[in-house]
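Visitor: Coordinates for the following, if possible.
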Amino acid sequence: MPINFFIHRGISFIILLFGISLVAFGLMALVPGDTPEMILTSIGVEAPPETVEALRQQLQLEDPVYVRYGRWLARALHLDLGISYRTGLPVAEELGNRLAATVQLTMTSLAFALLFSVPLGVLTALYPKTWLDLIGRITVLTGSSIPNFWLGLLLAYVFGVQLQWLSIAGAGGWEGLILPAATLGFGMLAAYTRLLRGSMLDALSQGFIRVGRAKGLKEKWLIGRHALRYALLPVLTWFGISIGQLLGGSVVVETLFSWPGLGRFAVESIQGRDYPVIQGYVLFSALAVVTVNVVVDCLYSCLDPRIRLGGGREQ
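Guide: Below you'll find the predicted structure:
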């Protein structure tokens, strides 16, 4: 049991989250403006000096920054991220209400990317310098070059406005899910295809593939059981990284398609200076990224038994 690996990862996990919490709270504390006045203004209440002062005392804003940070961190450890200035509801509850929509969009875009990138990456490696390889190269170049917001606008105009096949606003069923998922997934499709093609070419040149062919193993078995498994390691690494990109990229896509997820809620909170929500969103995103990367590290040893958790690769 790789106890040392999990102890090392657990310590790194805590230090990283502590650093992110410092940055999230510190940046919000440095933002110019008077917090009580902004809260009252955001809910449409006139702000006489007595009301502003009463709210300042209620929020304990007169305390030093490090005292407020310690109090905020202690509450965050109990999943109490404060109250939203705009809605008046607990931040954890607000984030939880929108988490399902973001997870649905993220999983659909990942499925879209893997469904097309795995066969395309394998086939372009097996048949280089053919028309199939040319299609793969064009797909990779296009997906890497087009920004999410531009692709989303293009898809919405063609399939939503001109052809009227799909919905372009809100989560009203699968019709409203396809366009934002395709927008998010197309960029990942290009990255996965490029990585998998290069890894497959490397795998096909390895000695274990030549030995397998010399022993008379079937080509399908060699490709599917050995070469693809070897080639998936860098793709798995990029998968862990892309979770962070999905959370960041979904901010643009959710706003563009009015998708009721965490990204759109974060944008609305930034526009409304809803600092507790912004701090909670940053903490949640960091927690999600770090957790996924720990899981990815554990999966390495499943794909390649020579890799020991925390011990590098066996020779």
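
Visitor: just for the stretch 51-200 of the chain, where's the confidence low?
Guide: 170-172 (pLDDT under 70).

Visitor: Could you pull out the strands in it for me?
Guide: Using DSSP state E, counting those that start in this stretch, the stretch 51-200 of the chain contains no strands.

Visitor: And the helices in it, which stretches?
Guide: Per DSSP state H, counting those that start in this stretch, the stretch 51-200 of the chain carries helices over the ranges 65-77, 91-126, 131-145, 148-155, 174-204.

Visitor: if you compare those, which one is most tucked away?
Guide: helix 174-204 (a mean of 22; mean count of other Cβ atoms under 10 Å). Where you see a C-beta, it was placed from the backbone N, CA and C, and this is true even at glycine.

Visitor: what distance separates that helix from the centre of its chain?
Guide: For helix 174-204, the separation from the chain centroid amounts to 15 Å (computed by Cα atoms, centre = their mean, to the nearest Å).

Visitor: ditto for stretch 158-176
Guide: 24 Å.

Visitor: Quote the end-to-end distance of that stretch.
Guide: From its first residue to its last, stretch 158-176 covers 14 Å (Cα to Cα, to the nearest Å).

Visitor: got the buried residues for it?
Guide: 159-160, 166-168, 171, 176 (16 or more other Cβ atoms under 10 Å).

Visitor: thinking again about what came up before, which one of the helices of the stretch 51-200 of the chain lies nearest to residue 268?
Guide: In terms of Cβ to Cβ, the element of these nearest to residue 268 is helix 91-126, at 10.6 Å.

Visitor: For that closest one, name the packing helices and strands.
Guide: If you count contacts as 3 or more Cβ pairs under 8 Å, 6 or more residues apart in numbering; DSSP states H and E, helix 91-126 packs onto helix 131-145, helix 174-204, helix 228-256, helix 262-271, helix 275-303.

Visitor: Kindly reformat the helices of the stretch 51-200 of the chain as CSV containing distance to residue 33.
Guide: CSV is the format used below for the helices of the stretch 51-200 of the chain (distance: least, Cβ to Cβ, whole Å):
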stretch, distance to residue 33
helix 65-77, 15
helix 91-126, 19
helix 131-145, 39
helix 148-155, 29
helix 174-204, 33
